[in-house]
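> Just to be clear, the model below is a prediction. Sequence and coordinates:
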Amino acid sequence: MPGTVTEDIEIIDAGHGGGTGTPAGGDDDSGSPGSRRPVPRRAYFTALQLGLAAIVMFFMALASSYIVRKGLGTDWQRTPMPPVVWFNTAILLISSVTIIVARKKLESGAREAFRTWWTITTGLGLLFLAGQVIAWRWLAHAGMLLSTNPSSSFFYLLTAAHGAHLAGGIFALFYVTFRQWKRSRISQATAAELTSIYWHFMDGLWVFLLVLLTLGR
């Protein structure tokens with residue numbers, strides 16, 4: 001009997017200690033970044049669509065203002081088109097091709113080739129922005145400043161607004177290149193697809209603005 005009572009006490013004591021303690025590693029699941037549920041792909045695409053819709057409305061408002069202002073008064077003067085603009089357009093269209101090639105390389109698992117083509121796309125985007133600065137300097141040397149007349153004001157405004165949005169695309173290109181994807185809630189393939197959609201949109205937007213500025217001078 002004495003031995004049995006002692007054993008019972010030890011069992012009760014051991015059970016008490018194990019019943020109130022927190023199992024080791026119990027907090028890891030809730031606190032570990034790797035345990036977070038990934039965001040559904042369609043949520044990212046929905047956000048992108050909303051963002052692109054906002055950009056469309058913004059530039060449609062600018063385009064409408066451009067057309068209405070041209071029809072008002074007699075102070076509208078023809079703004080010459082800097083020759084480098086056509087080179088910039090070719091650069092941007094080529095970048096749409098390179099980003100398509102880059103995505104295909106990523107889908108096929110050729111990551112080194114993907115990084116090469118993705119870097120080329122980034123470089124072309126930076127070259128386009130540099131070309132836009134050259135275009136503005138060309139206009140300034142030609143005496144067409146921001147405040148010279150409404151036509152030149154709109155040229156600077158529209159091209160600068162597009163350049164700012166394209167710079168956002170370049171930031172996304174760098175993000176896809178240098179992001180550490182192991183603990184990310186979005187895959188590199190999804191990020192690359194979203195970035196390519198935005199980039200193609202920027203290319204199309206530039207063609208629209210170029211037609212507007214060319215025909216509306």
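Looks like it came in fine. Numbers count the residues shown, from 1 in each chain.

> use CA for all of it now, contacts and neighbours both
Noted.

> Show me the shaky parts of the protein.
In the predicted model of the chain, residues 1-38, 217 satisfy pLDDT under 70.

> repeat that for 80
1-39, 73-74, 183, 216-217 (pLDDT under 80).

> Helices of that one, residue ranges please.
Ranges of helices in the chain, per DSSP state H, are 2-20, 28-31, 41-70, 84-107, 111-141, 150-178, 188-215.

> right, so of the ones you listed, which gets closest to residue 78?
Closest to residue 78 of the helices of the chain is helix 150-178 (CA to CA; 6.6 Å).

> give the contact list for residue 132.
By CA atoms under 8 Å, 6 or more residues apart in numbering, the contact set of residue 132 is 84-85, 88, 159, 163.

> need those residues in a markdown table with neighbour count and distance to residue 199, can you?
A markdown table is the format used below for the contacts of residue 132 (neighbours: other CA atoms under 10 Å; distance: CA to CA, whole Å):
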| residue | neighbour count | distance to residue 199 |
| --- | --- | --- |
| 84 | 17 | 21 |
| 85 | 17 | 18 |
| 88 | 20 | 15 |
| 159 | 19 | 16 |
| 163 | 20 | 12 |
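
> before we move on, back to that, could you dump the helices of the chain to CSV with distance to residue 78?
Shown next, in CSV, are these (distance: least, CA to CA, whole Å):
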stretch, distance to residue 78
helix 2-20, 83
helix 28-31, 62
helix 41-70, 10
helix 84-107, 16
helix 111-141, 12
helix 150-178, 7
helix 188-215, 10
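
> Which among those is found nearest to residue 77?
Of the helices of the chain, the one closest to residue 77 (CA to CA) turns out to be helix 150-178, at 6.2 Å.

> what helices or strands is the closest one leaning on?
Contact here means 3 or more CA pairs under 8 Å, 6 or more residues apart in numbering; DSSP states H and E; on that basis helix 150-178 packs against helix 41-70, helix 111-141, helix 188-215.

> Dump the ones you listed to CSV, plus distance to residue 93.
Below are the helices and strands packed on helix 150-178 laid out as CSV (distance: least, CA to CA, whole Å):
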stretch, distance to residue 93
helix 41-70, 19
helix 111-141, 10
helix 188-215, 7
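
> For residue 152, find the nearest of those helices.
Distance to residue 152, taken as CA to CA, is lowest for helix 111-141 among the helices and strands packed on helix 150-178, at 8.6 Å.

> picking that back up, tell me the one of the contacts of residue 132 nearest residue 59?
residue 159 (10.7 Å).
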